[in-house]
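Q: task: produce atomic coordinates for the following.
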Amino acid sequence: MGELGRSIDSEMMNESSSSSGSNCSHLFVDHGICLACKTKVSCVEGQPFGYLFPGLCLSREAVSVTKHLTTLISVYGHRKLHLVLDLDRTLIHSMKTTNLTKAEKYLIKEEKSGSRKDLRTYDGRLIIKLRPFVEEFLKEANKLFTMFAYTKGRSSYGHAVVRMIDPNKIYFGDRVITREESPGTKTLDLVLADERGIVIVDDKLDAWPHHQRNLLEVTKYFYFRNDHKYTKSRPSYAERKSDESRSKRVLMNLLKFLKQVHNGFFTCGLEDELDFKDVRCLIKGPFKPHGC
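A: Numbering: from 1, shown residues only. Down below sits the predicted model:
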């Protein structure tokens with residue numbers, strides 16, 4: 001985790017310098033062991049963050065401290081904000097191979113031949129289509145944001161999709177939140193950064209009932225037919241051997257808006273003013289950027 005890991009280590013040293021097992025507040029717990037006083041504790045009042053470090057659990061105080069430290073490091077050290085990206089129908093579209101129409105079956109052969117870099121299969125049952133410009137989008141967004149992937153799919157599926165779009169862990173690292181970590185509604189409680197510096201991108205507004213002000217909506221991406229967007233009278237992109245990119249540039253339009261948000265956040269006269277900047281005032285979400 002780089003800077004975040006060092007900030008946690010620093011916080012642990014500060015805690016351990018003035019705490020023993022009897023009075024330690026157990027801010028950071030790893031597999032039931034407090035990292036400061038080394039005693040075995042329960043973490044009933046804490047929040048698990050196993051997707052970042054297996055077994056990691058943070059107390060509520062530790063979550064607050066770490067979110068603040070992470071944002072300070074990101075904003076002042078790297079001039080970066082945080083970006084939480086949905087996967088399904090935002091960056092990709094997936095379909096069971098058994099549900100492909102007769103006119104879409106050719107995609108199975110194209111994926112197996114390796115002639116299509118934008119097609120992948122998962123578990124031999126799903127075929128996954130990357131949204132046009134997803135690679136360009138991630139490359140440019142990575143310069144401005146620390147990115148998280150957030151899906152309501154299972155952990156194995158979510159990590160498999162992220163490996164497809166980020167095989168070398170350049171953009172997301174281990175920052176992949178799935179159904180196992182978040183069985184209820186999506187929440188920024190699981191993102192270790194202050195909400196004032198987080199932008200969410202999702203195709204579903206109701207997925208984020210408590211964080212609408214951080215939310216940017218994008219048009220749902222449908223490539224295959226057997227989804228609710230298409231009717232019998234309207235062939236899918238796959239059936240037409242076409243794609244969204246010929247008429248729309250959703251991810252590139254989104255990138256353009258994200259650059260505006262980033263510029264708006266960091267455009268100020270004094271560095272101290274960054275302490276009062278808030279992306280929610282710039283987004284005024286929930287908001288759907290032009291062309292998205």
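
Q: state the phi and psi torsions of Lys277.
A: The phi and psi torsions at Lys277 (degrees, to the nearest 10) take the values phi -80, psi 150.

Q: tell me the contacts of it?
A: Counting by C-beta atoms under 8 Å, 6 or more residues apart in numbering, Lys277 makes contact with 196, 265-266, 268. C-beta here means a position set from N, CA and C on the backbone, and glycine is covered the same way.

Q: what are the ranges of the helices in this structure?
A: 3-17, 60-72, 78, 106-113, 134-141, 155-165, 237-240, 250-266, 279-283 (DSSP state H).

Q: could you check how far the nearest residue to Arg225 once chain neighbours are set aside is from Leu56?
A: With sequence-adjacent residues excluded and distances taken as C-beta to C-beta, 6 or more residues apart in numbering, Arg225 is closest to Ser236, at 3.8 Å. To Leu56, Ser236 is 42 Å away according to C-beta to C-beta, to the nearest Å.

Q: tell me which residues in stretch 141-159 are buried?
A: By 16 or more other C-beta atoms under 10 Å, the buried positions in stretch 141-159 come out as 141-142, 144-153, 157-159.

Q: so who does the closest residue to Leu274 other than its chain neighbours touch?
A: The shortest distance from Leu274 to any non-neighbouring residue, by C-beta to C-beta, 6+ apart, is to Val75 (5.5 Å). Going by C-beta under 8 Å, 6+ apart, Val75 touches 81, 197, 274.

Q: who's in contact with the first one?
A: Under the criterion of C-beta under 8 Å, 6+ apart, the contact list for Leu81 reads 74-75, 144-146, 197-199, 261-262, 265, 279.

Q: adding pLDDT as columns, could you present the residues you listed in a markdown table?
A: Converted to a markdown table, the contacts of Leu81 look like this (pLDDT from 0 to 100):
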| residue | pLDDT |
| --- | --- |
| Ser74 | 93 |
| Val75 | 92 |
| Leu144 | 98 |
| Phe145 | 98 |
| Thr146 | 97 |
| Gly197 | 97 |
| Ile198 | 98 |
| Val199 | 98 |
| Val261 | 97 |
| His262 | 97 |
| Phe265 | 94 |
| Val279 | 96 |
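
Q: sort out which one of those residues lies nearest Leu107 for me.
A: Nearest to Leu107 among the contacts of Leu81 is Phe145, at 31.8 Å by C-beta to C-beta.

Q: the closest one reaches Val199, doesn't it?
A: Yes. Between Phe145 and Val199 there is a contact under C-beta atoms under 8 Å: 7.2 Å.

Q: shared neighbours of those two, anything?
A: Residues touching both Phe145 and Val199 (C-beta under 8 Å, 6+ apart) are 81-83, 258.

Q: now stretch 52-59: mean pLDDT?
A: Averaged across stretch 52-59, pLDDT comes to 84.

Q: pull the distance from stretch 158-167 to the chain's centre.
A: On the basis of C-alpha atoms, centre = their mean, to the nearest Å, stretch 158-167 sits 12 Å off its chain's mean C-alpha point.

Q: swap in stretch 61-76?
A: The answer for stretch 61-76 is 18 Å, by C-alpha atoms, centre = their mean.

Q: next, the buried residues of it.
A: Buried residues in stretch 61-76, defined by neighbour count with 16+ other C-beta under 10 Å: 62-63, 65-67, 69-75.

Q: now Met95: how far from Lys288?
A: For Met95, the distance to Lys288 - C-beta to C-beta - is 25 Å.

Q: what do you get for Glu195?
A: Distance from Glu195 to Lys288, counting by C-beta to C-beta: 20 Å.

Q: and these two? which has more neighbours close in?
A: Glu195 (19 against 15; other C-beta atoms under 10 Å).

Q: excluding sequence neighbours, find me the nearest residue to that one.
A: In space, Glu195 is closest to Leu188, 5.6 Å off (C-beta to C-beta, 6+ apart).

Q: who's in contact with the one you found?
A: Neighbour list for Leu188: 84, 195, 198, 200, 210-211, 214 [criterion: C-beta under 8 Å, 6+ apart].

Q: restricted to strands, list the residues you listed.
A: Among the contacts of Leu188, the members found in strands (DSSP state E) are 84, 198, 200.

Q: out of those, who's the most crowded?
A: With neighbours taken as other C-beta under 10 Å, the top of these is Ile200, carrying 28 neighbours.

Q: OK, contacts around that one?
A: Applying C-beta under 8 Å, 6+ apart, the residues near Ile200 are 83-84, 188, 208, 211, 214-216, 285.
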